[in-house]
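1. next one to model:
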Amino acid sequence: MALSRSEAEREAAIMLKSFEGRHEKLQAFLLSRFDHVSEHLITDRPLNRCERLLIGAYFTLEYSLEAAALFNPSIVRHPDQSGLEKGSMRFLLSLRATGEGHISSIVFRTGVINRQGGIALDQPSPFVAAADVHANPSYDKHLFERKLVEMGLLSRLAQRLMDQLPDFFSFEKLTELTNQALRSDRLANIDSAHILEGVLSLARANYELSFDTGDDCSERAIFPTSPTERRGIEDARFVAFEEDGQTTYYATYSAYDGQLVFPQLLETKDFTQFKISTLNGPEVANKGMALFPRKLGDSYAMLSRQDGENIYLMYSDQLHFWYEKHILMRPTYPWEFVQIGNCGSPIETEAGWLVLTHGVGPMRRYTIGAILLDLNDPSQVIGRLREPLLEPTQEEREGYVPNVVYSCGSLIHADKLIIPYAMSDQSTSFATVSVEELLKELKANPLERYS
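-> Below you'll find the predicted structure:
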């Protein structure tokens with residue numbers, strides 16, 4: 001504010017010349033950033049556009065989303081299949097991007113697989129599009145209270161707060177009542193403040209994102225937004241979920257706040273509008289949850305790894321609440337003695353549910369295996385590779401975490417299993433496998449008792 005108007009205009013011009021070519025819609029973003037901090041101005045003197053741009057720039061950091069790594073991919077069929085040659089398929093690839101401070105976000109790439117199984121990636125945009133973040137339009141009080149119980153936050157204070165809310169309430173109403181409670185002398189103590197902040201954090205963990213439909217898909221980045229995500233969004237496992245003739249894309253991912261992992265669920269139909277929700281229930285724990293692509297009977301089904309060692313199978317009549325788990329398989333072969341988990345959602349084939357797994361062996365070496373589950377009863381493992389399907393080559397062993405190949409989701413096209421995979425937690429490649437040969441090998445090992 002001490003700069004003269006001409007000095008501010010000169011500095012703003014220097015700043016824009018240096019950065020405007022690196023970002024789309026930069027001026028609109030900086031003006032928005034100014035609005036975020038304008039309440040802290042020390043005078044009511046009117047400011048011109050250049051002054052507001054400059055102040056916005058002083059409170060903005062340029063961040064490189066993918067500077068450290070671009071890895072742990074998941075692939076699904078793109079919702080837009082127009083304009084393709086016969087037998088080709090457009091795909092959408094999600095990746096975990098890691099930048100400064102080891103903060104992870106979700107980014108996207110697109111491409112086409114031709115009828116021979118050849119893969120061509122589209123050239124990504126050099127820009128990043130910021131999402132508009134919105135609180136959920138409405139929260140279900142009954143479900144909200146159940147999650148507070150799980151988190152140990154439904155104290156007498158929180159219950160009084162809930163009692164003042166209608167069956168469906170807005171974030172604004174919750175914030176209003178929380179602020180009233182904090183202002184009350186009777187309630188103003190450290191424990192009360194902790195409880196009320198926890199209530200608001202839960203609400204913030206359920207939110208919505210929207211991108212401009214004109215943005216290139218590779219420009220859309222889902223960056224940590226809620227308090228539970230402040231240290232990163234990790235390992236999204238996308239699946240095209242079919243129900244009543246409609247396709248909804250879900251992704252389970254791990255939100256990390258620096259101390260605890262919070263399994264979350266992302267939902268979209270078009271990859272421009274996203275809804276983020278908490279996953280709930282006593283069996284929502286640890287990483288690596290992967291949803292089946294359709295209901296099994298009347299139940300949702302999911303693979304999980306609550307104990308960090310074994311693969312479990314879960315069923316639920318509610319997508320957001322999970323109460324039971326059953327052991328599906330344990331480490332059996334030397335290349336998976338330390339830990340096994342899934343490499344994405346099960347893939348439906350005529351022979352059964354095809355599931356790629358990861359195994360951790362000596363020297364923390366990650367490899368990718370495969371199992372086959374009974375189509376009608378996925379609790380039955382009817383085939384399992386005795387040796388890894390994919391292991392790191394010499395060129396793939398060096399990276400942020402060496403000796404690792406890892407995937408968060410594959411698909412089948414042109415009679416080939418398309419496996420995008422991460423190389424040592426740094427970069428990403430593709431492998432293709434004959435589905436016929438893989439299923440033949442799996443069915444050749446049908447009867448051993450693995451769990």
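2. now do the worst-scoring helix or strand of the chain on mean pLDDT: distance to the chain's middle.
-> Within the chain, confidence by mean pLDDT, DSSP states H and E is lowest for helix 190-204 among all helices and strands, at a mean of 87. Helix 190-204 sits 24 Å away from the centroid of its parent chain (CA atoms, centre = their mean, to the nearest Å).
3. go on, stretch 399-406?
-> 20 Å.
4. what does it rub up against?
-> 68-69, 71-72, 343, 358, 363-368, 390-392, 396-397, 421-427 (CB atoms under 8 Å, 6 or more residues apart in numbering). C-betas here are computed from N, CA, C, even on glycine.
5. pretty sure Asp307 sits against Asn286.
-> Yes: with contact defined as CB atoms under 8 Å, Asp307 reaches Asn286; the gap is 7.2 Å.
6. helices or strands up against the least confident helix or strand of the chain?
-> Where contact means 3 or more CB pairs under 8 Å, 6 or more residues apart in numbering; DSSP states H and E, helix 190-204 is packed against helix 141-150, helix 156-163, helix 171-183.
7. next secondary structure after it?
-> Sequence-wise, the next helix or strand downstream of helix 190-204 (DSSP states H and E) is strand 207-210.
8. show me what the very next helix or strand once past that next one is packed against.
-> Once the chain leaves strand 207-210, the next helix or strand it forms, by DSSP H and E, is strand 221-222. Under the contact definition 3+ CB pairs under 8 Å, 6+ apart, strand 221-222 sits against strand 104-113.
9. repeat that with 10 Å
-> strand 89-98, strand 104-113, strand 233-243 (3 or more CB pairs under 10 Å, 6 or more residues apart in numbering; DSSP states H and E).
10. now those as JSON lines including distance to Gln159?
-> Shown next, in JSON lines, are the helices and strands packed on strand 221-222 (distance: least, CB to CB, whole Å):
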{"stretch": "strand 89-98", "distance to Gln159": "38"}
{"stretch": "strand 104-113", "distance to Gln159": "36"}
{"stretch": "strand 233-243", "distance to Gln159": "31"}
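11. re earlier: other residues contacting the least confident helix or strand of the chain?
-> With CB atoms under 10 Å, 6 or more residues apart in numbering as the test, helix 190-204 has contacts from 133, 135-136, 139, 144, 147-148, 150-158, 161-162, 169-171, 174-175, 177-179, 181-182, 184, 186-187, 189, 225-229, 257, 276, 278.
12. nearest to Gln264, of the helices and strands packed on helix 190-204?
-> helix 141-150 (12.2 Å; CB to CB).
13. what mean pLDDT does the closest one have?
-> Average pLDDT, helix 141-150: 90.
14. repeat for stretch 15-26
-> Averaged across stretch 15-26, the pLDDT comes to 95.
15. from the middle of its chain, how far away would that stretch be?
-> The answer for stretch 15-26 is 29 Å, by CA atoms, centre = their mean.
16. now it: buried residues?
-> Neighbour counts over stretch 15-26 (16 or more other CB atoms under 10 Å) mark 15-16, 23-24, 26 as buried.
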